[in-house]
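Chemist: Let's see this in three dimensions:
(one chain, ligands or ions: 2)
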Amino acid sequence: MNTKAALAAARLYTIFDTGYVPSESLEKILSDLLSGGADIIQIRAKNLPKRDVLQLGKRARSLLRGYSTLLIINDYADVAQESGADGVHLGQEDGDLLQIRSTFPTLLIGRSTHSLQQAKAAEQEGADYIGFGPLFPTPTKAGRPAIGLGDLAELHRTVQIPVFAIGGIKYHNLPQVLAAGARRVVLVSGILQAANIVKECQRIKALLQAESFDDIRKAAQDSLC
Ligand code: TZP
Ligand code: MG
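Modeler: Ligands and ions are numbered 1, 2, ... in the order given. A predicted model of the protein is given here:
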């Protein structure tokens, strides 16, 4: 599967975030995320210098070789390229998409968006996917106001590229997020703080793959048994 096809098929986007877990745990946590069915793994290390992010990227690349799970690096397109990652994730302030695309033509490019307007702009500028949120308040992005669930349905009618809902999503509120129109989600603390990361990913993935709200209700009930 090429990276665009893998992106289109992706439902569960997870993040190895060094704000929650130490660099040394990369191999263990990535192998748990893989076992749990993560479709995308991002390396996010706001508290580390760029050279350390490159090392994490290289370690992650070697671990993910042979899997269809995509590897994305937060913030640094050059690090994504050098580590052999599949793509880069950029915030609103992280540069011009056209320029980054022309310098790194083979990378997938994701953009964080916080409103319908930003989401449409990111698609027009050529983003391969967007993150949309934070839906709920979250300590992972402290100080960023929650945007709620109200725009999700319209967003999915307007934007053609994959949309990943993000921010404060946990297993327990996922049915609500899906009912509001989301199809793909990003979870950071909701997975990294779970007692069992493999099982948490698996029950989240089951909800994401459910084909009807009856199935979602059933999957949620089964996981409580
Ligand atoms: N961008 C918008 S919300 C967010 C990011 C990186 C943090 C999501 O983390 P969590 O722990 O899943 O709420
Ligand atoms: Mg950024």
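Chemist: Please tell me how far the closest residue to Thr103 other than its chain neighbours sits from Ile169.
Modeler: In this structure, Thr103 finds its nearest non-sequential neighbour in Ala77, 7.0 Å apart by CB to CB, 6 or more residues apart in numbering. Where you see a C-beta, it was placed from the backbone N, CA and C, and this is true even at glycine. Distance from Ala77 to Ile169, counting by CB to CB, to the nearest Å: 26 Å.
Chemist: Same check on Ala182?
Modeler: Taking CB to CB as the measure, Ala182 and Ile169 are separated by 8 Å.
Chemist: For the residue nearest to Thr103, give me the backbone phi and psi.
Modeler: Dihedral angles phi and psi of Ala77 (degrees, to the nearest 10) take the values phi -70, psi -40.
Chemist: My guess is it contacts Pro105. True?
Modeler: No. Between Ala77 and Pro105 there is no contact, the gap being 10.9 Å when judged by CB atoms under 8 Å.
Chemist: Specify which residue of Ala77 and Ile169 has the higher count of neighbours.
Modeler: A count of neighbours by other CB atoms under 10 Å puts Ile169 above the other of Ala77 and Ile169, at 26 against 22.
Chemist: what sits against that one?
Modeler: With contact set as CB atoms under 8 Å, 6 or more residues apart in numbering, Ile169 has these partners: Leu135, Phe136, Val177, Val185, Val186, Leu187, Gly190.
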